[in-house]
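[1] return a 3D structure for these sequence lines:
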Amino acid sequence: MGMKFPWEQKPQLPAVPVEDTVAAMQRDMAYIVTHTAVMVHSNQPALSMLVNTPRGQIVPRGECRFTDGSTIEFQDIGAPQVGAPVMSVQELMARVWGVAHELGLELRT
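    Model prediction:
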């Protein structure tokens, strides 16, 4: 029997009790049921965003155009996304308008 190199050895993962796994899955499902994700699509990279938000809020519909040709459109994608920040739709709107203001963008009328 020869010597094994470190990369040939299978790492031993600690055993996780079934109860802990079930509890983690229950927490995840509770979050999925109460939250969704909203994607801000834009041809202006600084305005593109993705956030998780509590369900039941009104998400603006339709495309919004700025005088320079930049656009934004909000999309409820139906399921929260791992690693996305959490904020309300109102907070998301404030952030988008804040970035637009910093870029000097004005709404096209």
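[2] residue 72: neighbour count?
    23 (other C-beta atoms under 10 Å). The C-beta positions use only the backbone N, C-alpha and C, and glycine is treated the same way.
[3] next, it: secondary structure please.
    Assigned with DSSP: H, G, I helix; E, B strand; the rest coil, residue 72 falls in the strand class.
[4] so what's it up against?
    Taking C-beta atoms under 8 Å, 6 or more residues apart in numbering, we find residue 72 in contact with 40, 41, 42, 44, 47, 63, 64, 96, 100.
[5] any idea how far residue 38 is from it?
    12 Å (C-beta to C-beta, to the nearest Å).
[6] try residue 86
    For residue 86, the distance to residue 38 equals 11 Å [C-beta to C-beta].
[7] between those two, which one's more packed in?
    More neighbours surround residue 38 than the other of residue 86 and residue 38, with 24 against 13 (other C-beta under 10 Å).
[8] quick check, that one in a helix?
    No - per three-state DSSP, residue 38 lies outside any helix segment and is strand.
[9] verify the stated contact: it with residue 55.
    No - shown here, residue 38 and residue 55 do not form a contact pair, counting by C-beta atoms under 8 Å, at 10.6 Å.
[10] so which of the contacts of residue 72 belong to strands?
    Per DSSP state E, strands hold the following members of the contacts of residue 72: 40, 41, 42, 63, 64.
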